[in-house]
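Peer 1: Using only what follows, build the 3D model:
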Amino acid sequence: MINVFHIVSNKVWTGAEEYAYGLTSQLRNDKNFYVEVVCRKNDAVLTHFRRLEVPISILPLKGITDMDSPMRFARLLRKGRNVVHVHTFHDAFAAVMARRMSENPNTKVVITVHGIAKPKSNYIYRKLYKAIDHFIFVSQLAYDTWIKADPKFNTKKASVIHDSVMENPLAEPPIDLHKRLAVEPHQALILYHGRICPEKGIDVLLKAATQINKDLFKLAVVGEGKRKYISQLKGFIVANQLVRNVSLVGFQENIAELIKQCDFGVLPSIEPEALGIANLEYMMQGKAHISTNNGAQPEYVSNGQNALLVEPNNHHALAAAMKNLINDKEVRERIGQRAKADFDDKLNYGVFYDSICSLYQSLFKKSIH
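Peer 2: Numbering: from 1, shown residues only. Next comes the predicted model:
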């Protein structure tokens, strides 16, 4: 049996926490693994993981200067075969120090690089990278960006494993978007979900909405963000007479059920996506969606086949794509069916989970340094 410890230290629920949550939910029922979560005392994160009824260790996790966390964590690593799976370099410091303190050579440290990042060149980080046993990159784009910045990086201890998504049966019941937005039978219900921030292109989406016949759609914007930016968006909505068409509905946990309610999704990210988890969520539910083409999306999205791709920060192109899906139900259904087939064939959670488990097991079969 392999003991797997997922360390998550963010104060808010992000894609990294969702990633760890999904793996934890599967590992808890896998006879080949024992799984435990290590996190801060933070209700925003703890509430989710407690539903899984797995062991949780609460530590300060304050970074490189925090010696208390690795000292306490080391006690859990002194016996057995252990994989410490971290999701930020901030937590990798604690994992590496805890392994050293535990004096257990059968403890391996794995990191999933969730974003598009370049390695830091200072001495401390170079030592950290060398101490990490394996790097998981969520896309080829993320891998290539890292490798190009550090040609001397040991590629034998790196893998590209596309992330996946699954429905969460423990999530809270969803709101009724049709009722909340008063969607008429002839109107298309459009959905955006994700962080509410400039880099996600929400302002571009709203500009595109001003170019569409207001009688033909309702748009639900799901997610959280900084109060100042949300106030700016609300001001734009009022100034452009979109109050009856656009609703900022805040954070919603049960995204899968909300996607089932919509006609199609829009993900107008300006900043390149390392993978694009939200894209996969529409594909899983067999829904068409519109996305920008400036990240890893083209690795699994084919324009006009299983989604529509547009240039980032171009509200005219985005509006044209939205009109296309609003006006042609057959097109969005065809795209949605193809998206579902592609997801089930290559991107489903079983493929992802098997890849992660195989990686965990390979760490103890041979040295990858």
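
Peer 1: So what's the residue count around Ile111?
Peer 2: By other Cβ atoms under 10 Å, 23 other residues sit near Ile111. (Glycine included, C-beta is placed from N, CA and C.)

Peer 1: other SSEs contacting the worst-scoring helix or strand of the chain on mean pLDDT?
Peer 2: When the helices and strands of the chain are scored by mean pLDDT, DSSP states H and E, helix 43-50 comes last with a mean of 90. When contacts are defined as 3 or more Cβ pairs under 8 Å, 6 or more residues apart in numbering; DSSP states H and E, helix 43-50 packs onto helix 15-27, strand 33-39, strand 56-58.

Peer 1: mean confidence for stretch 223-243?
Peer 2: What stretch 223-243 shows for mean pLDDT is 96.

Peer 1: What residues sit buried inside that stretch?
Peer 2: Residues of stretch 223-243 classed as buried by neighbour count (16 or more other Cβ atoms under 10 Å): Gly223, Glu224, Gly225, Ile230, Leu233, Phe236, Ile237, Leu242.

Peer 1: Output those in a markdown table; the columns should cover secondary structure and distance to Met67.
Peer 2: Formatted as a markdown table, the buried residues of stretch 223-243 follow (DSSP: H, G, I helix; E, B strand; the rest coil; distance: Cβ to Cβ, whole Å):
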| residue | secondary structure | distance to Met67 |
| --- | --- | --- |
| Gly223 | coil | 36 |
| Glu224 | coil | 33 |
| Gly225 | strand | 35 |
| Ile230 | helix | 39 |
| Leu233 | helix | 43 |
| Phe236 | helix | 48 |
| Ile237 | helix | 49 |
| Leu242 | coil | 52 |
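
Peer 1: Closest to Lys287 out of these?
Peer 2: Using Cβ to Cβ, Gly223 comes nearest to Lys287 of those, at 17.3 Å.

Peer 1: Could you pull out the strands in this protein for me?
Peer 2: 2-8, 33-39, 56-58, 81-86, 107-113, 134-137, 158-160, 188-193, 217-222, 246-250, 264-267, 288-292, 308-310 (DSSP state E).

Peer 1: Can you say which of the ones you listed is nearest to Leu23?
Peer 2: strand 2-8 (6.7 Å).

Peer 1: by contact count, what packs against that closest one?
Peer 2: Using 3+ Cβ pairs under 8 Å, 6+ apart, strand 2-8 sits against helix 15-27, strand 33-39, strand 81-86, helix 89-102, helix 349-362.

Peer 1: starting at the chain centroid, how far to it?
Peer 2: 18 Å (Cα atoms, centre = their mean, to the nearest Å).

Peer 1: Which strands border it, and is each parallel or antiparallel?
Peer 2: strand 33-39 (parallel), strand 81-86 (parallel) (DSSP bridges).

Peer 1: which residues are in contact with it?
Peer 2: Applying Cβ atoms under 8 Å, 6 or more residues apart in numbering, the contact partners of strand 2-8 are 16-17, 20, 23-24, 27, 32-39, 45, 49, 57, 61, 73, 76-77, 80-87, 91, 94-95, 360-361, 364.

Peer 1: again, only using 7 Å
Peer 2: Applying Cβ atoms under 7 Å, 6 or more residues apart in numbering, the contact partners of strand 2-8 are 16-17, 20, 23-24, 27, 32-39, 45, 76, 80-87, 91, 94-95, 360-361.

Peer 1: tell me the angle of it relative to helix 43-50?
Peer 2: Angle, strand 2-8 to helix 43-50, by axes from the mean of the first three to the mean of the last three Cα atoms, to 10 degrees: 160 degrees.

Peer 1: re the thing from before, Glu167: which of the strands of the chain is closest?
Peer 2: So among the strands of the chain, strand 188-193 is nearest, using Cβ to Cβ, at 14.5 Å.

Peer 1: Identify the residues contacting that closest one?
Peer 2: 177-178, 183, 205, 216-223, 255, 258-259, 261-267, 278, 322, 326.

Peer 1: what does stretch 334-354 give?
Peer 2: By Cβ under 7 Å, 6+ apart, stretch 334-354 touches 26, 161-166, 280, 282-284, 286-288, 300, 305-307.

Peer 1: For ChimeraX, write the select line for the buried members of these.
Peer 2: In ChimeraX syntax, the buried subset of these is picked out as below (16+ other Cβ under 10 Å):
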select :26,161,162,163,164,165,166,280,282,283,284,286,287,288,300,306,307
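
Peer 1: how does the chain divide into domains?
Peer 2: Here the domain parsing of the chain from automatic domain parsing is 2-164+349-362, 177-346.

Peer 1: Just the terminal-to-terminal distance for the longest one.
Peer 2: Taking Cα to Cα, to the nearest Å as the measure, domain 2-164+349-362 stretches 11 Å from start to finish.

Peer 1: Buried ones in stretch 334-347, by neighbour count?
Peer 2: Ile335, Gly336, Arg338, Ala339, Lys340, Asp342, Phe343, Leu347.
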